[in-house]
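Structure of the sequence below:
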Amino acid sequence: MGFPGTWMTESESMVYRVVPKCACSTIGQIMYYSDHGVFYDGDIHDAQQGLHKWARDDSQPIIKANVKTRSSYAFTCVRNPYTRVLSSFFDKICGIQRNGKRYRGNLVPLLIQKYGIEVGGDDGKDEFDQIRSFRRFLLFVRDTIRWRRPMEPDIHWSAISGHVSTFIVNGGRYNKIFWTEQFNDGMQDVLDHIQTPHAVDLSSIPRFNESEGHGPKRLHPVEDYFDDLSMHLIYEIYKRDFELFKYDFDNPANKMPIGEIDLDEVHAKLGD
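As a prediction, this is how the structure comes out:
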């Protein structure tokens, strides 16, 4: 299995388990900058050098050796399940991707046909009932995760705990898990524990939100998208995420965590 979704600086100062839709573009750029003193010119997900990635064959033995011996500071970043799945809908389903096409080719036509979802026309700019379409999208998300049909679950809306667990199951251990909602505090704590070739001043680092502007703007408060049935589906899909990462299931309007993450609990519950 190895360590899918794992990135590491070339200096081996830090190891990061990528969780999609959880500030991964910004974290990747910070890692790149900490080694090279400049940001990667483009989307960090496209970088084929300057950063070790499990998806690169030449990086795999280096990452594996480091993680197995726990030589470097290892961390990841998580996000409120309500806002994360909403962001996935507007970015991946309603939005046009950076290649100028729809995400995953025939996925959106499938959703329009099978689930009656609207996405704002060919360019995502027409008006449509965002709340109704999002709730239908949630049915699709549940179907992919519960029954793996009409397709396998996508990394952008599969549970955070599933991403986080592969690192643990295969022998890694996190030194830190922090919240996207308190990004500066969490990332600063990581930087305080390591030595990097180039100093990182978080206050001057831009936010690299590569998905911003792909899709239509969200028109309503988060809580308006979640009725009783939607919350039931969310709990069915993301129960573990709420429990382990201390988010407020009962109040979709509250994106902030309501407790401290217990690393021992995370490793115990996701390590089996």
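
residue boundaries of the helices in the chain?
Assigned by DSSP state H, the helices in the chain fall at 24-36, 60-69, 81-88, 107-115, 130-147, 160-169, 183-192, 228-245, 263-270.

what's the spacing between Leu138 and Leu86?
Distance, Leu138 to Leu86, using Cβ to Cβ, to the nearest Å: 10 Å. Backbone N, C-alpha and C define where each C-beta goes, glycine included.

Comparing the two, which shows the higher neighbour count?
Leu138 (25 against 22; other Cβ atoms under 10 Å).

Leaving aside the residues adjacent along the chain, what's closest to that one?
In this structure, Leu138 finds its nearest non-sequential neighbour in Leu233, 5.0 Å apart by Cβ to Cβ, 6 or more residues apart in numbering.

what's the distance between the one you found and Pro221?
19 Å.

quick one: which of the two has more around it?
Between Leu233 and Pro221, Leu233 has the larger neighbour count (other Cβ under 10 Å), namely 18 against 9.

Which per-residue confidence value corresponds to the more buried one?
According to the prediction, Leu233 has pLDDT 96.

Surely it and Phe140 touch.
No - the pair Leu233 and Phe140 fails to qualify as a contact (Cβ atoms under 8 Å) at a distance of 10.3 Å.

residues contacting Asp241?
Counting by Cβ atoms under 8 Å, 6 or more residues apart in numbering, Asp241 touches Val78, Pro81, Ala159, Ile160, Ser161, Tyr247.

Could you rerun that using 7 Å?
Counting by Cβ atoms under 7 Å, 6 or more residues apart in numbering, Asp241 makes contact with Pro81, Ala159, Ile160, Ser161, Tyr247.

Likewise for Asp189?
With Cβ under 7 Å, 6+ apart, Asp189 has these contacts: Lys176, Phe178.

Show me the shaky parts of this protein.
Applying pLDDT under 70 to the chain flags the ranges 210-214.
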